[in-house]
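# Give me a model of this one.
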Amino acid sequence: MTTSVASLGSILDLGGAGDDVWIGHGDGVPLPQLYGGQLVAQSIIAAGRSVDEGRLVNSLHTTFLRPGRSDRPIRFEVERLRDGRQFSTRVVDAVQDDRLVCRSTISLVEPRDGLAHSRRPPLSAAAEASTDLRVLAEHDGGLGEYWEGFSTVEVRVAPEDPVAPPHSAAPVQNIWMRVTEDLGDDPLLHQAAIGYVSDLMLMSMAVAPHGHRAGHERSLAERWSAVSLDHTLWFHRPARADEWLLFEHASPTAHDGRALVEAAVFGDADAQVCHVVQEALVREN
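Numbers count the residues shown, from 1 in each chain. Reported below is the predicted structural model:
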């Protein structure tokens, strides 16, 4: 699937509005509220522009407080909590129409040599042998209006192993994603772009233990309503978002309508580059 309303480069191009204050604009996706991945991505840019060159994000925790609107600008206010010899800590508030939409606590690090190891990537079909999400959706009447708004991400779904591993309540969904535009060589832009795409397929996995499969996004929207409560990222290694990344999606548990979803992200070096965790509130319509 290739999904464009605004280019990702333009979404990540925040305008300065004073010391540690930045203005971002919506991506035009026809959702009833701002897409959470956009807020995560723009918060990463705002935090990264407040530190010395060379420091990159190692972790982010975003709490979504109220829905925002995609047709209104967002003001990103950065608070500098600490600058140490290796680490910096920032709090980024996303404000729209004088209302706090989300708050992110972001840690940034100056990379140094040290302890290193990684689990192996999952056994999965290559991106070239996986199926475009749009093709899968043909049997479900297409992806639906909201998906038509995403034009900067290509999504391919690998064949599913029918056996659920111990760490997931349903078989994992191995999904390849990449940004379709050249993002250049700024590593902060690639971190922000990974943050943007990381939120795209999590809801699909949240209801996988209840019979949903990737490619049935229209049916998902008809049966379920979901909102993200929070979103956490850990960046382990450099990666390019405009090259194929494999997201191994799993959902270990859900209770009281709150589903925990995670994704281990792998690049072309067979090492984990990022880990994503989100809690979502899911209700059946």
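# Specify the local secondary structure of Arg119.
Here Arg119 is recorded as coil under DSSP: H, G, I helix; E, B strand; the rest coil.
# which residues sit in contact with it?
Residues in contact with Arg119 (CB atoms under 8 Å, 6 or more residues apart in numbering) are 264, 272. Placement of C-beta: from N, CA and C, glycine included.
# 7 Å instead, please
By CB atoms under 7 Å, 6 or more residues apart in numbering, the contact set of Arg119 is Gln272.
# which stretches of the chain have low pLDDT?
By pLDDT under 70, the low-scoring segments of the chain are 1-6, 27-28, 30, 148-149.
# Helices of that one, residue ranges please.
Residue ranges of the helices in the chain, as given by DSSP state H, are 8-11, 36-48, 133-137, 145-148, 187-198, 202-206, 217-223.
# want to throw those helices into JSON lines with distance to Glu160 and mean neighbour count?
JSON lines is the format used below for these (distance: least, CB to CB, whole Å; neighbours: other CB atoms under 10 Å):
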{"stretch": "helix 8-11", "distance to Glu160": "28", "mean neighbour count": "19"}
{"stretch": "helix 36-48", "distance to Glu160": "23", "mean neighbour count": "28"}
{"stretch": "helix 133-137", "distance to Glu160": "11", "mean neighbour count": "19"}
{"stretch": "helix 145-148", "distance to Glu160": "20", "mean neighbour count": "16"}
{"stretch": "helix 187-198", "distance to Glu160": "20", "mean neighbour count": "25"}
{"stretch": "helix 202-206", "distance to Glu160": "11", "mean neighbour count": "25"}
{"stretch": "helix 217-223", "distance to Glu160": "16", "mean neighbour count": "17"}
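# How about the contacts made by the spatially most central residue of the chain?
Geometric centre of the chain, nearest residue: Ser198, 2.2 Å, by CA atoms, centre = their mean. Residues in contact with Ser198 (CB under 7 Å, 6+ apart) are 37, 233, 263, 276.
# For burial, what's the neighbour tally of the closest residue to Leu136 other than its chain neighbours?
Excluding the flanking residues, the one nearest Leu136 by CB to CB, 6 or more residues apart in numbering is Gly215, at 2.8 Å. Using other CB atoms under 10 Å, the number of residues around Gly215 comes to 23.
# doesn't Glu138 make contact with Gly215?
No - the criterion here is CB atoms under 7 Å, and Gly215 misses it with Glu138 at 8.5 Å.
# picking up where we left off before, residues contacting the residue nearest to Leu136?
133, 136-137, 140, 157.
# cool, Val261 as well?
With CB under 7 Å, 6+ apart, Val261 has these contacts: 202, 205-206, 249, 251, 278, 280.
# Can you add distance to Asp71 and give these back as TSV?
Formatted as TSV, the contacts of Val261 follow (distance: CB to CB, whole Å):
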residue	distance to Asp71
Leu202	24
Met205	29
Ala206	27
His249	30
Ser251	32
Gln278	25
Ala280	24
